[in-house]
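A.B. asks: Quick one: sequence and predicted model below, then my questions.
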Amino acid sequence: MWSWEKVNVNQSGSSGDLAKIFKNESVKHPGILAQGAPSADATLLAREVIQNSWDAARELRDQLAMEKIDYPGFNIEFTFQNLTSASRDSVVDILDLRAIAQRLDDIIKPDEEGLPANTPAMLGLSENHCLGTLSAGAPLPILRIEEHGGSGMYGPWDGVKSKLYLAMVSVGYTIKHLGSGGSYGFGKAGLIRGSRTRTLVAYTCFRPQDDEPGVTRRLLGMTYWGRHELAGSSFSGFARMGEESEGFVRPLENEAADELAERLGMTIRDPDDPSALGTSFMLIDPTPQPEELNEAICRNWWPAILDREFTVQINPYDDARPLHPKPMQSPQLRPFVEAYGLASRRQDNPLEADERKCTLVSTPLPGLGTAMKLGELGMVADLSDWSYPKYVSEEEDEDGADIKHQSLVALIRGPKMVVEYLEAGRAQPYVRGAFIADSSVDEFLRQTEPTAHDSWQKEVSDGVPAEATAAAAQVLKLVRRRLDEFRASLKPDPPKPEDIRLPELDKLFRKLITGGGGKTPPPPPGPREVSINLEEPVLQAVPDSDQLRLDATAKFSLPVRRGGEDGPDATEREVELVARVRFVEDDRMGDLVRLERVAIDGVEVQSQVDEFRFRKVLAPGQFASLTITTVPYPQDDTCSLVFEGDLVEQGEGGEDE
């Protein structure tokens, strides 16, 4: 029986709808990767589940190595099934799915006014789920996930000592070793999104532990819905299935866990066999399809798969032929694989012109005072094919969407999952790269990753050490710089001046010589509405660093207009003054450079702002001086400085437009 957790105002609480942690988490498929891209649910399941399982496998591998025990290797298997007849009825009865379906009906049934009290979406469920078809005897879709060679979720069932508790119940808290893939305890959200009903079972097996002698297996069922009201009580949305004891629900242990696992069709695990250690999951009504899950695993885990760190097998519905991620058979991934080979292996032979490898080394980082090796970068191009794709604006993916071609770099660190495909330029020639972080910087980069672990953040944020964000900024800057240098080396030499013919320019000069052609039209008559005089900007070097700071001043004024019978026009007008500075990246405008100080007529009016806008009333002939100072930025970056001045037009009644 399921035990639904009531809201207790005397304890801290949260909603069981943990899948919403990734509700607005966008999954990026830049450039050519938009072609045949898997769904967000498939991608998050592939990244989060394998990441947590692989972290556990690496932990077991290290433990066995210290004890001089052979490690059996790690593999993970995804099996999709449509349960029918007796097997379907057995699972429905064991997991009491009819009770869950009835609870959903009770929660969303219309109120006295005929309006639904809730919707499945408000509870965090997919609109299309199997709970509504249980009574009709329809097949029950499930997904079994079995890992072998992992550490299992050990620890006594006592708060944060239990890895099973951390993985299945707690939010935002985890204990992992350095260099792991995950770090925030949100991996379960990717797993939960893999079930339309938000219902799953975990059966885990681990080696005997000193702090809980005699326990080596546990099984726990969980349902994760949003907060709701039912029968006059408030519920958090969490529900557990296990062994009830003194009003609490604990996981089943040892033989009891084995018995229920076997009844659910799970493989029984032996704690004395290292290859049987690990965890099995059972998801009710999976959201992804087998083929897109295979593609998602291939795109995100190809470095680990190529290096034979582990194996993955996907068994589709109806006992169809097993699927295996094969990166070298993917035309989108093959260039990244080639770049990875350059970055990860010693190159004894000279590289071709369309290949390059380089080692990235930082300048002294804040908080450390020393330089460090950042990692290896491999880059490749194909000048006869995708580096100069034909009909770029007309090429479409299988869904008919335009492909926005660009240069891309796969960012990789210790666990060998692709953290991100970094967008690194939209101008031809396009190149592909793979950056492998050095072990000395790996942990710094991990600390800058957001919840989904899909980027390295270079902006300073609370709780992240300054040296971590500085390392991430150095990596991203150097990767882009080396990529730009490689692209520049691929461009053909410009033609000789004597070979250049400009027909239209020739026609213009012939007209000038012969006197033909019209005159250039004059500029619009009258003075400008707002005059801007820019003083020479000053670039100042920041002491003891490789950074610069930009100081710039502009003077704004309304011109004195004379003429007509009334003489000088002395009407005061309101003027909007604007100042901003942007990075120039790949010949286009990039991010704004933060303004550290802004002053009007020598008086500081604002600090730490991305773009400055200010309104001031001026009379003709009167000046307003606007001075800005940027925060320090790398000396190798190029910036664009913009000052704007516009009259604030007044509509009827004096309202600003």
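C.D. replies: Nice, thanks for sending it over.
A.B. asks: give me the beta-bridge partners of Phe583?
C.D. replies: With DSSP bridges as the criterion, Phe583 is bridged to Cys639.
A.B. asks: so what's it up against?
C.D. replies: Phe583 makes contacts with 589-593, 633, 637-640, as judged by CB atoms under 8 Å, 6 or more residues apart in numbering. Where C-beta positions appear, they are placed from N, C-alpha and C, glycine not excepted.
A.B. asks: And Leu164, by the same measure?
C.D. replies: Contacts of Leu164 by CB under 8 Å, 6+ apart are 153, 155, 157, 202, 204, 218, 220, 251.
A.B. asks: pLDDT-wise, what's the bottom of those?
C.D. replies: Within the set of the contacts of Leu164, pLDDT is lowest for Trp157 (89).
A.B. asks: List only buried entries from the contacts of Phe583.
C.D. replies: 593, 633, 637, 639 (16 or more other CB atoms under 10 Å).
A.B. asks: Over to the third one: give its phi and psi.
C.D. replies: In terms of degrees, to the nearest 10, the main-chain angles of Asp637 are phi -80, psi 150.
A.B. asks: Now it: closest residue in space, sequence neighbours ignored.
C.D. replies: Computed as CB to CB, 6 or more residues apart in numbering, the closest residue to Asp637 that is not its neighbour in sequence is Phe583, at 5.6 Å.
A.B. asks: Then Pro30?
C.D. replies: Of all residues not flanking Pro30 in the chain, Glu423 sits nearest, at 4.9 Å (CB to CB, 6+ apart).
A.B. asks: picking that back up, for the buried ones among the contacts of Phe583, which two are the farthest from each other?
C.D. replies: Comparing all pairs in those by CB to CB, the longest separation belongs to Val593 and Asp637, at 8.6 Å.
A.B. asks: Show me the strands in the stretch 501-650 of the chain, by range?
C.D. replies: For the stretch 501-650 of the chain, the strands defined by DSSP state E, counting those that start in this stretch cover 531-534, 538-541, 547-557, 573-585, 588-592, 595-600, 603-606, 612-618, 623-630, 633-634, 638-647.
A.B. asks: can I get the buried ones among the contacts of Phe583 in CSV with distance to Arg549 and pLDDT?
C.D. replies: Shown next, in CSV, are these (distance: CB to CB, whole Å; pLDDT from 0 to 100):
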residue, distance to Arg549, pLDDT
Val593, 10, 91
Tyr633, 8, 85
Asp637, 12, 80
Cys639, 11, 89
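A.B. asks: gap between the residue nearest to the spatial centre of the chain and Asp442?
C.D. replies: The centroid of the chain falls nearest to Asp454 when counting by CA atoms, centre = their mean (3.3 Å). For Asp454, the distance to Asp442 (CB to CB, to the nearest Å) stands at 16 Å.
A.B. asks: Now for Thr469: which residues touch it?
C.D. replies: 448, 457-461 are the contacts of Thr469 under CB under 8 Å, 6+ apart.
A.B. asks: Let me know the helix or strand that it is in.
C.D. replies: helix 466-490 (DSSP states H and E).
A.B. asks: Low-confidence regions, the stretch 251-400 of the chain specifically.
C.D. replies: Residues of the stretch 251-400 of the chain meeting the criterion pLDDT under 70: 390-400.
A.B. asks: let's see it at 50
C.D. replies: For the stretch 251-400 of the chain, the stretches flagged by pLDDT under 50 are 391-394, 400.
A.B. asks: Also the chain?
C.D. replies: For the chain (pLDDT under 50), the answer is 178, 181-185, 391-394, 400, 564-568, 652-657.
A.B. asks: so where do the helices sit in it?
C.D. replies: 40-66, 85-94, 97-108, 163-168, 187-192, 254-263, 290-306, 334-344, 439-447, 466-490, 503-514 (DSSP state H).
A.B. asks: ok, now how distant is Asp551 from Ile628?
C.D. replies: Distance from Asp551 to Ile628, by CB to CB: 7 Å.
A.B. asks: And Tyr388, by the same measure?
C.D. replies: 41 Å.
A.B. asks: For the residue nearest to the centre of the chain, which non-adjacent residue is spatially closest?
C.D. replies: Nearest to Asp454 is Glu420, by CB to CB, 6+ apart, at 5.4 Å.
A.B. asks: okay, now the one you found: neighbour count?
C.D. replies: Glu420: 19 surrounding residues under other CB atoms under 10 Å.
A.B. asks: and if you look at Tyr317?
C.D. replies: Count around Tyr317 with other CB under 10 Å applied: 15.
A.B. asks: So for it, what's the nearest residue that isn't a sequence neighbour?
C.D. replies: Per CB to CB, 6+ apart, closest to Tyr317 is Phe80, 4.8 Å.
A.B. asks: Could you do Arg250 as well?
C.D. replies: Arg250 sits nearest to Glu243 (CB to CB, 6+ apart), 5.1 Å away.
A.B. asks: Test my guess that the one you found contacts Glu259.
C.D. replies: No. Glu243 is beyond contact range of Glu259, at 11.9 Å (criterion: CB atoms under 8 Å).
A.B. asks: Looking only at neighbour counts, state which of these two leads.
C.D. replies: In this view Glu243 and Glu259 are compared by other CB under 10 Å, and Glu243 has more residues nearby, 16 against 13.
A.B. asks: got a list of what that one touches?
C.D. replies: Each residue near Glu243 by CB under 8 Å, 6+ apart is listed here: 249-253, 256.
A.B. asks: Dump those into a markdown table; add neighbour count and distance to Asp493 as well.
C.D. replies: Below are the contacts of Glu243 laid out as a markdown table (neighbours: other CB atoms under 10 Å; distance: CB to CB, whole Å):
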| residue | neighbour count | distance to Asp493 |
| --- | --- | --- |
| Val249 | 18 | 73 |
| Arg250 | 14 | 74 |
| Pro251 | 25 | 69 |
| Leu252 | 20 | 72 |
| Glu253 | 18 | 73 |
| Ala256 | 15 | 76 |
